[in-house]
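Peer 1: Mind looking at a prediction? Sequence and model below.
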Amino acid sequence: MDSIKIQVPVTIKAKLTEKLKARMLDDLKKAINEVELEIKQINIQQDRALQEQGDTPQRETSIRRHFGQEIQRRQQFRAESLARQENLEKLAIGAEIIQGTLQREVDLKIGDDMREIMNVEVLIEDDKIIAIRS
């Protein structure tokens, strides 16, 4: 066997433009607002559940624990989103940010440079591919 087909990752990077930065900041702000509304809704549901439950302290503890965990998950997401927003605001226009990875199929042959095959990235600017690097 002289060759084999394999799949290797391709890193997708975006060149930060004013348009991309504004869109990403807008998405983060929407997500933060949405999670804040969810927290308020969970608090209302918790209050309703506490009013409906009987006088058993075990039930009250169980309700508070359940809703507390839900609130904590959302508060953690909110904190992470705020940190991402702060970091994004500090980034300079023109910076390259990783958007994700895709897979590509490659024919490997004896003598190929594995480093060159594995280290491929695609650079995008305003949704257009501007470079393919290896």
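Peer 2: Structure received. Numbers count the residues shown, from 1 in each chain.

Peer 1: Distance from the chain centre to the strand or helix carrying residue 35, please.
Peer 2: Assessed by DSSP states H and E, residue 35 sits inside helix 18-52. With Cα atoms, centre = their mean, to the nearest Å as the basis, helix 18-52 stands 16 Å off its chain's centre.

Peer 1: please begin residue numbering at 33 from this point
Peer 2: OK, 33 is where the count begins now, so the last one is helix 50-84.

Peer 1: buried set for the helix or strand following it?
Peer 2: Remark: after helix 50-84, the chain's next helix or strand is helix 89-122, criterion DSSP H and E. With burial defined by 16 or more other Cβ atoms under 10 Å, the residues of helix 89-122 counted as buried are 95, 99, 102-103, 106, 109-110, 113, 116-117, 120. For glycine as for every other residue, the C-beta is placed from the backbone atoms N, C-alpha and C.

Peer 1: could you check the angle helix 50-84 makes with helix 89-122?
Peer 2: Counting by axes from the mean of the first three to the mean of the last three Cα atoms, to 10 degrees, helix 89-122 points 170 degrees away from the direction of helix 50-84.
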